[in-house]
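Chemist: Okay, structure incoming, though there's no sequence with it:
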Ligand code: NI
């Protein structure tokens, strides 16, 4: 185990403070981006970071803060929450910018606009966030998110804004977009589970 994969007690304290802050912000969410999403992303990112020998502190801090500036989760917030929070933590300025870079390049939309996660740590947090959109949890989150946006479950098309269409438009493509080998392996397994779910869904839809 590399040195960077062990957290100092100072780092543990900082992560605890961050947990408390994020829990307060996201505990009311019912769109699939609640505090438990954050905890799962952190846990997954932590375990990928260990396998890929990445900086555990940076990965966990970015995982905890990755959704606090997303306008679709917390409304049309002014943004800059992560930055303001980190500035108060007394961590080095370079660390603040590393975390902010990771968060800024994270989303599917950023990537479609050409953004890339430059650091290994950023790639890992992105992988962990995407993994949470896959598998059994991903299925549950897709319908929760769709419901929160008043989207239909399904309308017979793979090409509209229903939750089932979202599987074909985005979710099933995610395994190809993973950055790390560890995440690719997990993503493929979770995708197989989703394909099984979709098969059953369509059979039942047809009354079979
Ligand atoms: Ni997220």
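Modeler: Perfect, I can see it now. Here the structure is a predicted model, which means the values were calculated and not measured. Residues are numbered from 1 along each chain as shown.
Chemist: Going by C-alpha atoms from here, please, whenever you check contacts or count neighbours.
Modeler: Noted.
Chemist: Burial check on residue 28, number of neighbours?
Modeler: The local packing of residue 28 (other Cα atoms under 10 Å) involves 12 other residues.
Chemist: If you could redo that for residue 73, that was the one I meant.
Modeler: 17.
Chemist: which non-adjacent residue is nearest it?
Modeler: Closest residue in space to residue 73, ignoring its immediate chain neighbours: residue 33 at 6.9 Å, by Cα to Cα, 6 or more residues apart in numbering.
Chemist: how distant is stretch 186-193 from the center of its chain?
Modeler: Distance of stretch 186-193 from the chain centroid (Cα atoms, centre = their mean, to the nearest Å) equals 16 Å.
Chemist: surely residue 122 meets residue 59?
Modeler: Yes. If you go by Cα atoms under 8 Å, residue 122 and residue 59 touch, sitting 7.2 Å apart.
Chemist: Can you pick out the residue with more neighbours from those two?
Modeler: Remark: of residue 122 and residue 59, residue 122 carries more neighbours, 28 against 25, as counted by other Cα under 10 Å.
Chemist: Give the other helices and strands that the helix or strand that one falls within contacts.
Modeler: Using DSSP states H and E, residue 122 sits within helix 120-131. Taking 3 or more Cα pairs under 8 Å, 6 or more residues apart in numbering; DSSP states H and E as contact, the helices and strands that helix 120-131 lies on are helix 35-52, helix 56-65, helix 93-104, helix 181-205.
Chemist: cutoff 7 Å now
Modeler: Helices and strands touching helix 120-131, by 3 or more Cα pairs under 7 Å, 6 or more residues apart in numbering; DSSP states H and E, are helix 35-52, helix 56-65.
Chemist: Tell me which residue lies nearest the centroid of this structure.
Modeler: By Cα atoms, centre = their mean, the chain has its centre lying nearest to residue 129, at 2.0 Å.
Chemist: which residues are contacting the helix or strand of the chain with the lowest mean pLDDT?
Modeler: Scoring the helices and strands of the chain by mean pLDDT, DSSP states H and E places helix 108-112 at the bottom, with a mean of 72. Helix 108-112 has contacts (Cα atoms under 7 Å, 6 or more residues apart in numbering) with residue 105.
Chemist: go with 8 Å
Modeler: Here helix 108-112 makes contact (Cα atoms under 8 Å, 6 or more residues apart in numbering) with 104-105, 116.
Chemist: Stretch 47-61 now?
Modeler: Counting by Cα under 8 Å, 6+ apart, 1-2, 4-7, 11, 15, 18, 42, 45-46, 95, 98-99, 120-122, 124-125, 180, 182-183 sit against stretch 47-61.
Chemist: How about it, which residues are buried there?
Modeler: Across stretch 47-61, burial judged by 16 or more other Cα atoms under 10 Å covers 47-50, 52-61.
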